[in-house]
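Participant: no sequence for this one, just the structure:
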């Protein structure tokens, strides 16, 4: 993949009280700092998506606790902090026909986007005013 990416941890959980709290406690007990997260759910199950400063440690702790975990590379962008900043970035990718599957925000103006074709999206964003964020940048925030 061209350009920097960050590791996103997806944790599959039952949709019942306390599961998200349990996930975040396990991560905290492992000495991992959460930089951003998203929770989506259905009637029975949910997905907790996280960007953290130490993804390997988080993954290990969650797997050791019996959770089903998936790790993916995603694109993290420092969105221009102006009206329409996010819309402009998303348009650069979607207008080229790359499907944006979901978006969520991290600290400050950092947002994660997961797209169907990350290599293409990264190439489209090269040479623009968008600052791509690396995993090292996430750890330093």
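Facilitator: Nice, thanks for sending it over. Quantities reported herein were computed from a predicted structural model and do not represent experimental measurements. Residues are numbered from 1 along each chain as shown.
Participant: going forward, measure contacts and count neighbours with C-alpha atoms only.
Facilitator: Fine.
Participant: This structure: helices as residue ranges?
Facilitator: In the chain, helices defined by DSSP state H lie at 19-29, 55-64, 85-94, 118-125, 135-140, listed in chain order.
Participant: Each with direction, which strands does the top strand by length along the chain pair with?
Facilitator: Counting residues, the longest strand found in the chain (DSSP state E) is strand 68-78. The pairing partners recorded for strand 68-78 under DSSP bridges are strand 6-14 (antiparallel), strand 110-115 (antiparallel), strand 131-133 (antiparallel).
Participant: Mind listing what's buried along the shortest one?
Facilitator: Neighbour counts using 16 or more other CA atoms under 10 Å place 132, 133 of strand 131-133 among the buried residues.
Participant: which stretches of this structure aren't confidently modelled?
Facilitator: Scanning the chain for pLDDT under 70 picks out the ranges 1-2, 108-109, 111, 141.
Participant: mind giving me the domain split of it?
Facilitator: Split into domains by automatic domain parsing, the chain comes to 6-72, 74-140.
Participant: So for the first one, first residue to last residue, what's the gap.
Facilitator: Same thing as domain 6-72. 8 Å (CA to CA, to the nearest Å).
Participant: repeat for the last one
Facilitator: According to CA to CA, domain 74-140 extends 18 Å from its N-terminal end residue to its C-terminal end residue.
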